[in-house]
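A.B. asks: sequence unknown, structure follows:
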């Protein structure tokens, strides 16, 4: 058990309307909402969004990327040359102290550029590390832009360099093309690699059509970035149809019919072999007049595992697998006092079966109060090398109380049956004058150390900004 008091601070200087300088030392992120636990049943890392306000500011400038859109179009492959969560957090989301840092940003109608440097403190598993990212972006009228980005991650063990060029071109109101090419190198072992993407999107009131082509070589190391897969060539075309015509049934309740097909093909870049194929067919999707929706997807999938993986501790060995999953998405009217939303998934899964549900019940009797409870359940039946049957539940409850727009209390609690670990967070914020805040935060996190020892990390944080 260890108790420690740490002080720190931040300074923001608006030099003029186009230029802003931020400085920080002994940085804490008391106002940040903390990560929720996730039970991941895929082979790939979960992409957790950035929640820390310091890094959210001007994030769009430093984050050229290709990835799935909010409506699931574009394919699930993600390449992001700079991902701010690589700074001050380990791979499990545990905080690593930051000694100091700074960021300068210039924005204008013609061009944007900026740079950020941070110093991360040494801890038991990571040496002291320096981070740098620089970005330049030139606007090509109102229809396009080109840019470049460079990152450097340096510590006593290694120096990682990354360079990227990217562009976005709107050919007309409906047609657009985005491209990106990224290269990386490490001075430890002298390995270098490449990644890239090209995406075409056509969209109007009736159709959305896309084709996304990506690649990541085996030795590509993003350093300060994120890639969802490595050693891969991804091809992910798809199409949505938006129908709001007179032949729509029950127009009093149904606003639109939006079926679609989303396909994903992945080949191993080093061998050229097909390692995954998904045909995501979405024959039913209705959006309702009240803002709710319901949809059904069927996903025939092929996966060739080149190495074993263990979803929630169930080992699945190498080999070729064909399976079929069904998905149902739904949401009631989000403006109602009581609402339900979520998804249910069922069907075969590798050599067994998997039934999953993720349901949230929300109670919002007034704009000042909102409470929601979520259950995520994964039920494996005869899955893996040992034909295991296993159930995993992740429960959470969260609430928000606003005395007025300036005073808010936000809290959540989670309990995971996989490891019986509970996390909770309580955060009181008061904007006592415009842009000036007082935060009082209590965090409790349980996690496993590499030595398999369980540890609880408790923080009480008071932060004042003026």
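C.D. replies: Sure thing, it's come through. Since the structure is predicted, the reported quantities are computational estimates derived from the model, not experimental observations. Residues are numbered from 1 along each chain as shown.
A.B. asks: Could you list the paired strands of the helix or strand hosting residue 202 along with their orientation?
C.D. replies: Mapping residue 202 onto the secondary structure by DSSP states H and E places it in strand 192-203. When sheet partners are counted by DSSP bridges, strand 192-203 sits next to strand 175-186 (antiparallel), strand 207-216 (antiparallel).
A.B. asks: My read is that residue 181 contacts residue 163, right?
C.D. replies: No: using C-beta atoms under 8 Å, residue 181 makes no contact with residue 163, being 9.0 Å away. (Each C-beta comes from the backbone N, C-alpha and C, glycine too.)
A.B. asks: helices or strands next to the longest strand seen in the chain in the packing?
C.D. replies: When secondary structure is assigned using DSSP state E, the longest strand within the chain turns out to be strand 388-404. In terms of contact count using 3 or more C-beta pairs under 8 Å, 6 or more residues apart in numbering; DSSP states H and E, strand 388-404 is assigned the packing partners strand 369-383, strand 407-416.
A.B. asks: Identify the residues contacting the shortest one?
C.D. replies: Okay, so that is strand 407-416. Here strand 407-416 makes contact (C-beta atoms under 8 Å, 6 or more residues apart in numbering) with 33, 36-37, 39, 392-403, 421-431.
A.B. asks: Could you check the helix or strand bottoming out on mean pLDDT in the chain and say which residues are buried?
C.D. replies: Least confident helix or strand of the chain, by mean pLDDT, DSSP states H and E, is strand 454-464 with a mean of 79. Burial within strand 454-464, assessed by neighbour count using 16 or more other C-beta atoms under 10 Å, is assigned to 459, 463.
A.B. asks: Check stretch 235-248 too.
C.D. replies: Under the neighbour-count rule (16+ other C-beta under 10 Å), stretch 235-248 has 235-242 buried.
A.B. asks: Pull the contacting residues for residue 154.
C.D. replies: Residues in contact with residue 154, defined by C-beta under 8 Å, 6+ apart, are 129-130, 132, 160.
A.B. asks: Distance of it relative to residue 126?
C.D. replies: Noted for residue 154: a distance of 13 Å to residue 126, by C-beta to C-beta, to the nearest Å.
A.B. asks: Then residue 63?
C.D. replies: 23 Å.
A.B. asks: more neighbours, the two?
C.D. replies: Under the neighbour definition other C-beta atoms under 10 Å, residue 63 and residue 126 were set side by side, and residue 63 has more, 19 against 13.
A.B. asks: ok, that one - contacts?
C.D. replies: Counting by C-beta under 8 Å, 6+ apart, residue 63 makes contact with 80, 82-84.
A.B. asks: ok so, going back, if any of the contacts of strand 407-416 are buried, give me the ChimeraX selection for them.
C.D. replies: Below is the selection syntax for ChimeraX that covers the buried ones among the contacts of strand 407-416, with 16+ other C-beta under 10 Å defining burial:
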select :36,37,39,392,394,395,396,397,398,399,400,402,421,423,424,425,426,427,429,430
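A.B. asks: in a strand, that's where residue 7 is, yeah?
C.D. replies: No: Residue 7: not assigned to a strand; according to DSSP: H, G, I helix; E, B strand; the rest coil it is coil.
A.B. asks: so it makes contact with residue 26?
C.D. replies: Yes: the pair residue 7 and residue 26 qualifies as a contact (C-beta under 8 Å) at a distance of 6.3 Å.
A.B. asks: Would you mind telling me which of those two has more residues around it?
C.D. replies: Set side by side, residue 7 and residue 26 give different neighbour counts by other C-beta under 10 Å, the larger being at residue 26 (14 against 7).
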